[in-house]
Structure formats: structure tokens, C-alpha cells
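A.B. asks: Got a predicted structure plus its sequence, pasted below:
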Amino acid sequence: AQSVTQLDSQVPVFEEAPVELRCNYSSSVSVYLFWYVQYPNQGLQLLLKYLSGSTLVESINGFEAEFNKSQTSFHLRKPSVHISDTAEYFCAVRGGGATNKLIFGTGTLLAVQP
Amino acid sequence: SQTIHQWPATLVQPVGSPLSLECTVEGTSNPNLYWYRQAAGRGLQLLFYSVGIGQISSEVPQNLSASRPQDRQFILSSKKLLLSDSGFYLCAWSIGTSGGVGTQYFGPGTRLLVL
């Protein structure tokens, strides 16, 4: 069965500092991994995804994540965060079967302080 | 391009009253559809998913039900709301092909407060 673990429920960081949000997964089928971002009182937005090919994937707003098969990880990183990056971040892995269900982690609140 | 709508945006209902939340998708055909709930300060809980008209799968037994009367319409209902039904309800869709990669696209959500 597929599962996702986000060990950090909250990550406080100062503006312009680097950040890493951790995600570990377990999957017995082809691995498709996702990061979603949720701003307050909004729906989830797809930030980036790993399907195949290059293990480093990037988003348009400076985030990147690296698929590491040996460590079963898909950590999200940004070299310099902004106040506007304050949000909840969810890691997800595609579940098995034909329903395209996603298995979500419990989320990490990134709190950027000035 | 595809868009997903949810309404209402916010709802305050008394305990024991009925509920109907609606979700519609535009710009795609035969999508998979999903209902999630977020309780305050908690993660996502998948409530229902549907792979076609009239086909509903329930993930968690509860006070809610779902229906899909049209290809791109997904409705979440309750006959009698409980206090524990309060939360943020999210609808999502994905491409409805078997073996797809699973990318889901979310609506703006409905915040429900049961008093």
C-alpha cells in the first residue's frame, strides 16, 4: 500500500533563508509524486510533480524537489523564501489502481517571518 | 482550459439541517471526481470519489453522501448535519483514464460551519 509521511507539521523560517520540507513515501507501484500548496482559505494548487525522467523537478516560483529512490524521499526546497511563501504544503503519491487516487501527507505549515 | 467551480463558498447551517454542496468541472469529459474534507488544522480526508455518472465510492462511513447526476457534476449531501461535519470541503478532478498519473486539480473549496 502507498503512504506518505511529512514529519514536520510546522517549519518556521526567516525571510530570504533557505528551507527544506521533508517528504518520505512508500509505494509498491510506479511512483508518481506531487507537491501541492494551499494558501489560507483556498483550494490546493499543484506546485510540481515527478512522473519520470530527471529526478530534479522545478516549479515556476523557485521551489524544487528531488526524487530519491534509495531514500524513498521527495523533499521540497527553496534557496530563499519570501513572506508570500507562507502556506500549507502537502506531499502526495499516486495510489494504485485505475481511480487516480492520491495519498496525501498530513501537511507542513511553512511560516515565513520577516 | 479546464476549470472547476464549487458553491457556495461559505455556509453556516444549524445542526440537523440538510446540506447540498455542488461541484462542476468545465473543459474536460469523463473526469474522475473527488470530495475531500479538511477539519481545522488537519490534513485532507478523502470522502468520496467517482469514475463515472452514478458511480460513487465511499472512503469513510459517515453522515454524508455523494451523487454524480451528470458527467461533470458532483454533489455532496447530508440529510441531517452534525457538529462534526464542520470543515473545509474540497472538490477535485483528474483525467479519467485508467492508469493515469493521478494529477488532481482542486476547486476553491466550501467552508461549512455547523452550529
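C.D. replies: Now that the structure is in, tell me what you want to look at. Quick caveat: nothing in here was measured; it's all calculated off a predicted structure.

A.B. asks: Can you list the buried residues in stretch A:69-82?
C.D. replies: A:73, A:74, A:75, A:76, A:78, A:81 (16 or more other Cβ atoms under 10 Å in any protein chain shown). (Glycine included, C-beta is placed from N, CA and C.)

A.B. asks: Identify the residue spatially nearest to the residue in chain A positioned nearest to chain B, adjacent ones excluded.
C.D. replies: Going by Cβ to the nearest Cβ, chain B is nearest to residue A:94 of chain A, at 3.4 Å. Spatial nearest neighbour of residue A:94, excluding adjacent residues (Cβ to Cβ, 6 or more residues apart in numbering or on different chains): residue B:102 at 3.4 Å.

A.B. asks: helix, strand or coil for the one you found?
C.D. replies: Under DSSP: H, G, I helix; E, B strand; the rest coil, residue B:102 falls in the coil class.

A.B. asks: Go through stretch A:102-113 and flag the buried ones.
C.D. replies: A:102, A:103, A:104, A:105, A:106, A:107, A:108, A:109, A:110, A:112.

A.B. asks: And stretch A:52-72, by the same measure?
C.D. replies: In stretch A:52-72, residues buried by neighbour count (16+ other Cβ under 10 Å) are A:57, A:59, A:63, A:65, A:67.

A.B. asks: right, and the helix or strand after the one helix or strand the last one maps to?
C.D. replies: What it means is residue A:67. Under the criterion of DSSP states H and E, residue A:67 resides in strand A:64-68. Going down the chain from strand A:64-68, the next helix or strand is strand A:73-78, by DSSP H and E.

A.B. asks: Is that next one in proximity to chain B?
C.D. replies: No - under the criterion of Cβ under 8 Å from any Cβ of the partner chain, chain B is not reached by strand A:73-78; the shortest gap measures 14.0 Å.

A.B. asks: Give the next helix or strand downstream of that strand.
C.D. replies: strand A:87-94.

A.B. asks: center of chain A, which residue is that?
C.D. replies: The centroid of chain A falls nearest to residue A:35 when counting by Cα atoms, centre = their mean (3.4 Å).

A.B. asks: Just list the residues touching the nearest residue to residue A:6 once chain neighbours are set aside, thanks.
C.D. replies: The shortest distance from residue A:6 to any non-neighbouring residue, by Cβ to Cβ, 6+ apart, is to residue A:105 (3.7 Å). Going by Cβ atoms under 8 Å, 6 or more residues apart in numbering or on different chains, residue A:105 touches A:4, A:5, A:6, A:23, A:90, A:91, A:92, B:43.

A.B. asks: Can you check those residues and name whichever has the most neighbours?
C.D. replies: residue A:91 (29 neighbours; other Cβ atoms under 10 Å in any protein chain shown).

A.B. asks: what about residue B:95, how many neighbours?
C.D. replies: 17.

A.B. asks: Near chain B, which residues of chain A? Just list them.
C.D. replies: A:32, A:34, A:36, A:41-46, A:49, A:51, A:90, A:94-95, A:98-102, A:104-107.
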